[in-house]
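Enquirer: Have a look; sequence and predicted model below, questions after that.
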Amino acid sequence: MLSTLEYSLEIIKHEAQQLLFQGKIDRKQPIYTLCQYIPPREWPMVEQELERNGYLLRDHIIDLLPRESWDED
């Protein structure tokens, strides 16, 4: 769970990635799913940072994650 009062886009992306790896969220879920893991009083700051960077709360978690590259066999 995030505990800092400053939420940069990089911190939000990192948190989403960690929650995904822990199996707590799915990459197809909307970004607003993250609000379950962020204290309610801090969510408006996260929402503002996302909006400032062109993300909508209905966008999918995968939109926050780095591109995955697959090597051909």
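Expert: Received the coordinates, thanks. Numbering: from 1, shown residues only.
Enquirer: Quick one: residues contacting the residue most central in space within the chain.
Expert: For the chain, the residue nearest the mean C-alpha position is residue 16 (3.8 Å; C-alpha atoms, centre = their mean). Shown in contact with residue 16 (C-beta atoms under 8 Å, 6 or more residues apart in numbering): 25, 31, 34, 61, 64, 65. The way it works is simple: take the backbone N, C-alpha and C, and place the C-beta from them, glycine included.
Enquirer: how about 7 Å then?
Expert: 34, 61, 64, 65 (C-beta atoms under 7 Å, 6 or more residues apart in numbering).
Enquirer: just the helices in this protein please.
Expert: Ranges of helices within the chain are 9-21, 43-52, based on DSSP state H.
Enquirer: These into TSV, with extra columns for mean pLDDT?
Expert: Listed next are the helices of the chain as TSV, based on pLDDT from 0 to 100:
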stretch	mean pLDDT
helix 9-21	95
helix 43-52	95
